[in-house]
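Q: how does the following fold in three dimensions:
(2 chains)
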Amino acid sequence: NAGVTQTPKFQVLKTGQSMTLQCAQDMNHEYMSWYRQDPGMGLRLIHYSVGAGITDQGEVPNGYNVSRSTTEDFPLRLLSAAPSQTSVYFCASSQGPRVTFGSGTRLTVV
Amino acid sequence: AQTVTQSQPEMSVQEAETVTLSCTYDTSESDYYLFWYKQPPSRQMILVIRQEAYKQQNATENRFSVNFQKAAKSFSLKISDSQLGDAAMYFCASGGSQGNLIFGKGTKLSVKP
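A: Next comes the predicted model:
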(Lines give C-alpha, C1' and ligand atoms only; values in the text may rest on other atoms or scores of the structure.)
Protein backbone atom coordinates (compact mmCIF):
# COMPACT_ATOMS: atom_id res chain seq x y z
CA ASN A 1 0.00 0.00 0.00
CA ALA A 2 1.32 3.42 -0.95
CA GLY A 3 -0.95 5.19 1.57
CA VAL A 4 -1.13 8.91 0.77
CA THR A 5 1.00 10.17 -2.10
CA GLN A 6 1.72 13.86 -2.51
CA THR A 7 3.42 15.44 -5.49
CA PRO A 8 5.59 17.38 -5.92
CA LYS A 9 7.81 17.26 -2.82
CA PHE A 10 9.31 20.68 -3.53
CA GLN A 11 8.13 23.60 -5.64
CA VAL A 12 9.18 27.20 -6.21
CA LEU A 13 6.61 29.57 -7.71
CA LYS A 14 6.68 33.17 -8.73
CA THR A 15 4.06 35.51 -7.31
CA GLY A 16 0.90 35.30 -9.38
CA GLN A 17 1.57 31.86 -10.83
CA SER A 18 -0.91 29.06 -10.41
CA MET A 19 -0.29 25.44 -9.60
CA THR A 20 -1.93 22.29 -8.31
CA LEU A 21 -0.64 20.14 -5.49
CA GLN A 22 -1.63 16.55 -6.08
CA CYS A 23 -2.82 14.12 -3.44
CA ALA A 24 -3.88 10.51 -3.93
CA GLN A 25 -4.78 7.77 -1.48
CA ASP A 26 -5.30 4.07 -2.07
CA MET A 27 -6.97 3.13 1.21
CA ASN A 28 -10.55 3.91 0.13
CA HIS A 29 -10.84 6.47 2.92
CA GLU A 30 -13.91 8.68 2.85
CA TYR A 31 -12.29 11.76 4.31
CA MET A 32 -9.42 13.78 2.90
CA SER A 33 -7.90 17.03 4.10
CA TRP A 34 -5.28 19.61 3.28
CA TYR A 35 -3.19 21.33 5.95
CA ARG A 36 -0.45 23.91 5.90
CA GLN A 37 2.39 24.14 8.39
CA ASP A 38 4.20 27.40 9.02
CA PRO A 39 7.25 27.89 11.27
CA GLY A 40 6.34 27.82 14.94
CA MET A 41 2.84 26.60 14.18
CA GLY A 42 1.10 23.31 14.13
CA LEU A 43 -0.77 22.15 11.07
CA ARG A 44 -3.79 24.25 10.12
CA LEU A 45 -6.71 22.93 8.11
CA ILE A 46 -7.22 24.50 4.68
CA HIS A 47 -10.01 22.45 3.07
CA TYR A 48 -11.48 19.04 3.59
CA SER A 49 -13.77 16.56 1.90
CA VAL A 50 -16.13 14.01 3.43
CA GLY A 51 -16.58 12.14 0.15
CA ALA A 52 -16.52 12.44 -3.62
CA GLY A 53 -18.25 15.62 -4.74
CA ILE A 54 -18.32 17.15 -1.25
CA THR A 55 -15.83 19.72 0.00
CA ASP A 56 -15.79 22.33 2.73
CA GLN A 57 -13.57 25.05 4.11
CA GLY A 58 -11.27 24.69 7.05
CA GLU A 59 -9.52 27.27 9.18
CA VAL A 60 -7.42 28.97 6.47
CA PRO A 61 -9.14 28.49 3.08
CA ASN A 62 -8.45 31.84 1.39
CA GLY A 63 -6.40 31.58 -1.79
CA TYR A 64 -6.99 27.86 -2.26
CA ASN A 65 -9.49 25.76 -4.19
CA VAL A 66 -10.20 22.06 -4.00
CA SER A 67 -12.35 19.49 -5.74
CA ARG A 68 -13.03 15.82 -5.13
CA SER A 69 -14.16 14.07 -8.29
CA THR A 70 -13.05 10.63 -7.10
CA THR A 71 -12.54 8.97 -3.73
CA GLU A 72 -8.83 8.62 -4.42
CA ASP A 73 -7.81 12.14 -5.46
CA PHE A 74 -8.00 15.50 -3.71
CA PRO A 75 -5.96 18.18 -5.49
CA LEU A 76 -5.27 21.60 -3.97
CA ARG A 77 -5.14 24.55 -6.35
CA LEU A 78 -3.40 27.86 -5.85
CA LEU A 79 -4.95 30.21 -8.39
CA SER A 80 -2.56 33.15 -7.92
CA ALA A 81 0.31 32.35 -5.59
CA ALA A 82 1.35 34.88 -2.96
CA PRO A 83 4.46 34.94 -0.72
CA SER A 84 2.14 34.36 2.27
CA GLN A 85 1.44 30.91 0.84
CA THR A 86 5.03 29.85 1.34
CA SER A 87 4.60 26.85 3.62
CA VAL A 88 4.75 23.10 3.92
CA TYR A 89 1.54 21.45 2.77
CA PHE A 90 0.26 18.12 4.02
CA CYS A 91 -2.52 16.02 2.62
CA ALA A 92 -4.23 13.46 4.83
CA SER A 93 -6.86 10.82 4.44
CA SER A 94 -8.85 9.31 7.26
CA GLN A 95 -11.47 6.79 8.18
CA GLY A 96 -12.74 7.52 11.66
CA PRO A 97 -9.76 7.96 13.96
CA ARG A 98 -7.28 6.44 11.51
CA VAL A 99 -5.50 9.38 9.90
CA THR A 100 -2.70 8.92 7.37
CA PHE A 101 -0.54 11.82 6.25
CA GLY A 102 1.38 12.31 3.05
CA SER A 103 5.04 13.24 3.19
CA GLY A 104 4.40 16.91 2.52
CA THR A 105 5.16 19.50 -0.16
CA ARG A 106 7.50 22.39 0.57
CA LEU A 107 6.25 25.37 -1.45
CA THR A 108 8.15 28.61 -1.79
CA VAL A 109 6.57 31.64 -3.46
CA VAL A 110 9.03 34.34 -4.48
CA ALA B 1 -13.77 27.46 18.50
CA GLN B 2 -11.86 24.26 18.97
CA THR B 3 -8.38 24.77 20.34
CA VAL B 4 -5.37 22.74 21.35
CA THR B 5 -2.75 24.30 23.59
CA GLN B 6 0.77 23.06 24.18
CA SER B 7 2.31 25.29 26.84
CA GLN B 8 5.89 24.00 26.51
CA PRO B 9 7.61 25.24 23.34
CA GLU B 10 10.74 23.27 24.23
CA MET B 11 11.62 20.44 26.57
CA SER B 12 14.82 18.60 27.31
CA VAL B 13 15.39 15.16 28.83
CA GLN B 14 18.38 13.04 29.66
CA GLU B 15 18.69 9.78 27.80
CA ALA B 16 16.96 6.92 29.69
CA GLU B 17 14.94 9.38 31.79
CA THR B 18 11.21 10.13 31.66
CA VAL B 19 9.62 13.27 30.28
CA THR B 20 6.02 14.49 30.15
CA LEU B 21 4.66 16.79 27.46
CA SER B 22 1.55 18.78 28.30
CA CYS B 23 -1.54 19.42 26.22
CA THR B 24 -4.93 20.92 26.91
CA TYR B 25 -7.80 21.09 24.48
CA ASP B 26 -11.27 22.43 23.99
CA THR B 27 -13.76 20.87 21.62
CA SER B 28 -17.44 21.05 20.86
CA GLU B 29 -17.47 17.49 19.55
CA SER B 30 -19.24 14.91 21.67
CA ASP B 31 -17.36 12.05 20.02
CA TYR B 32 -13.71 12.92 19.54
CA TYR B 33 -10.20 11.55 19.48
CA LEU B 34 -6.90 12.84 20.76
CA PHE B 35 -3.53 12.26 19.16
CA TRP B 36 0.15 12.79 19.69
CA TYR B 37 2.26 13.07 16.55
CA LYS B 38 6.01 13.08 16.23
CA GLN B 39 7.64 15.13 13.48
CA PRO B 40 11.37 14.55 12.95
CA PRO B 41 13.43 16.81 10.66
CA SER B 42 12.26 14.69 7.72
CA ARG B 43 8.88 16.43 8.36
CA GLN B 44 6.98 13.15 8.20
CA MET B 45 3.99 13.12 10.57
CA ILE B 46 4.29 9.97 12.66
CA LEU B 47 1.45 8.86 14.91
CA VAL B 48 2.76 8.19 18.40
CA ILE B 49 -0.44 7.40 20.23
CA ARG B 50 -4.20 7.83 19.92
CA GLN B 51 -6.91 8.05 22.56
CA GLU B 52 -10.64 7.64 22.02
CA ALA B 53 -12.37 10.12 24.31
CA TYR B 54 -15.09 7.65 25.25
CA LYS B 55 -12.49 5.27 26.70
CA GLN B 56 -11.53 5.90 30.30
CA GLN B 57 -8.44 3.76 30.12
CA ASN B 58 -5.30 5.65 29.19
CA ALA B 59 -3.68 4.54 25.93
CA THR B 60 -0.17 3.08 25.95
CA GLU B 61 2.23 2.18 23.16
CA ASN B 62 5.45 0.64 24.43
CA ARG B 63 7.43 3.50 26.06
CA PHE B 64 4.70 6.05 25.32
CA SER B 65 1.64 6.57 27.50
CA VAL B 66 -0.92 9.28 28.03
CA ASN B 67 -2.65 10.78 31.01
CA PHE B 68 -6.13 11.60 29.75
CA GLN B 69 -8.20 13.76 32.09
CA LYS B 70 -11.48 14.31 30.27
CA ALA B 71 -13.09 16.68 32.76
CA ALA B 72 -9.99 18.84 32.85
CA LYS B 73 -9.57 18.54 29.05
CA SER B 74 -5.98 17.52 29.53
CA PHE B 75 -4.00 15.01 27.46
CA SER B 76 -0.34 14.71 28.42
CA LEU B 77 2.23 12.40 26.85
CA LYS B 78 4.76 10.52 28.95
CA ILE B 79 7.87 9.13 27.30
CA SER B 80 9.72 6.61 29.43
CA ASP B 81 13.32 5.48 28.97
CA SER B 82 13.94 8.33 26.51
CA GLN B 83 16.11 7.52 23.53
CA LEU B 84 18.13 9.76 21.22
CA GLY B 85 15.71 8.89 18.43
CA ASP B 86 12.86 10.46 20.39
CA ALA B 87 14.23 13.93 19.68
CA ALA B 88 11.70 15.69 17.46
CA MET B 89 8.76 18.08 17.41
CA TYR B 90 5.70 16.64 19.12
CA PHE B 91 2.22 17.81 18.24
CA CYS B 92 -0.95 17.24 20.19
CA ALA B 93 -4.15 17.18 18.14
CA SER B 94 -7.86 16.65 18.59
CA GLY B 95 -10.34 15.49 15.98
CA GLY B 96 -13.92 14.45 15.51
CA SER B 97 -15.42 11.63 13.52
CA GLN B 98 -14.67 13.36 10.21
CA GLY B 99 -10.97 13.08 10.80
CA ASN B 100 -10.22 16.80 10.65
CA LEU B 101 -7.62 17.62 13.21
CA ILE B 102 -6.87 20.73 15.26
CA PHE B 103 -3.21 20.91 16.20
CA GLY B 104 -1.28 22.59 18.97
CA LYS B 105 1.83 24.60 18.14
CA GLY B 106 4.14 21.82 19.13
CA THR B 107 6.85 21.03 21.67
CA LYS B 108 10.44 20.58 20.57
CA LEU B 109 11.96 17.70 22.52
CA SER B 110 15.72 17.40 22.88
CA VAL B 111 17.35 14.27 24.28
CA LYS B 112 20.76 14.64 25.91
CA PRO B 113 23.18 11.69 25.80
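Q: can you tell me the element the closest residue to residue A:73 other than its chain neighbours falls in?
A: Once flanking residues are discounted, residue A:73 sits nearest to residue A:24: 5.2 Å by C-beta to C-beta, 6 or more residues apart in numbering or on different chains. Placement of C-beta: from N, CA and C, glycine included. Using DSSP states H and E, residue A:24 falls within strand A:19-25.
Q: rewinding a little: ok, the residue nearest to residue A:73 to chain B distance?
A: Distance of residue A:24 to chain B, given as C-beta to the nearest C-beta, to the nearest Å: 17 Å.
Q: what residues are bridge-paired with that residue?
A: residue A:5, residue A:73 (DSSP bridges).
Q: my read: it touches residue A:72, true?
A: Yes: with contacts counted by C-beta atoms under 8 Å, residue A:24 reaches residue A:72, the gap being 5.4 Å.
Q: does residue B:100 touch residue A:46 like I think?
A: No: using C-beta under 8 Å as the test, residue B:100 is too far from residue A:46 to be in contact (10.5 Å).
Q: coming back round to it: give me the helices and strands touching the strand holding residue A:24, please.
A: Packed against strand A:19-25 by the contact rule (3 or more C-beta pairs under 8 Å, 6 or more residues apart in numbering or on different chains; DSSP states H and E) you find strand A:4-7, strand A:10-13, strand A:31-37, strand A:76-78, strand A:87-95.
Q: so which of those strands is the most surrounded?
A: The highest average neighbour count among the helices and strands packed on strand A:19-25, using mean count of other C-beta atoms under 10 Å in any protein chain shown, belongs to strand A:31-37 at a mean of 25.
Q: and after it, which helix or strand comes next?
A: Toward the C-terminus from strand A:31-37 - assigned by DSSP H and E - lies strand A:43-51.
Q: of all residues in chain B, which one is nearest the centre?
A: Computing the C-alpha centroid of chain B and ranking residues by C-alpha atoms, centre = their mean puts residue B:36 first, at 3.2 Å.
Q: check which residues of the host helix or strand of residue B:25 are buried.
A: Applying DSSP H and E as the criterion places residue B:25 in strand B:24-26. Within strand B:24-26, the residues scored as buried using 16 or more other C-beta atoms under 10 Å in any protein chain shown are B:24, B:25.
Q: the following helix or strand past it near chain A anywhere?
A: With elements assigned by DSSP H and E, the helix or strand that comes after strand B:24-26 is strand B:33-39. Yes: Strand B:33-39 lies within reach of chain A by C-beta under 8 Å from any C-beta of the partner chain, at B:33, B:35.
Q: go through stretch B:53-72 and flag the buried ones.
A: Burial within stretch B:53-72, assessed by neighbour count using 16+ other C-beta under 10 Å, is assigned to B:53, B:59, B:64, B:65, B:66, B:68.
Q: what's across from the last one in the sheet?
A: Meaning residue B:68. Bridge pairing for residue B:68 - DSSP bridges - gives residue B:75.
Q: and it, how close does it get to residue A:28?
A: For residue B:68, the distance to residue A:28 equals 30 Å [C-beta to C-beta, to the nearest Å].
Q: if we can go back for a sec, what would the buried residues of stretch B:53-72 look like in JSON lines with distance to residue B:20 and pLDDT?
A: Shown next, in JSON lines, are the buried residues of stretch B:53-72 (distance: C-beta to C-beta, whole Å; pLDDT from 0 to 100):
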{"residue": "B:53", "distance to residue B:20": "20", "pLDDT": "92"}
{"residue": "B:59", "distance to residue B:20": "15", "pLDDT": "94"}
{"residue": "B:64", "distance to residue B:20": "11", "pLDDT": "97"}
{"residue": "B:65", "distance to residue B:20": "10", "pLDDT": "97"}
{"residue": "B:66", "distance to residue B:20": "10", "pLDDT": "97"}
{"residue": "B:68", "distance to residue B:20": "13", "pLDDT": "96"}
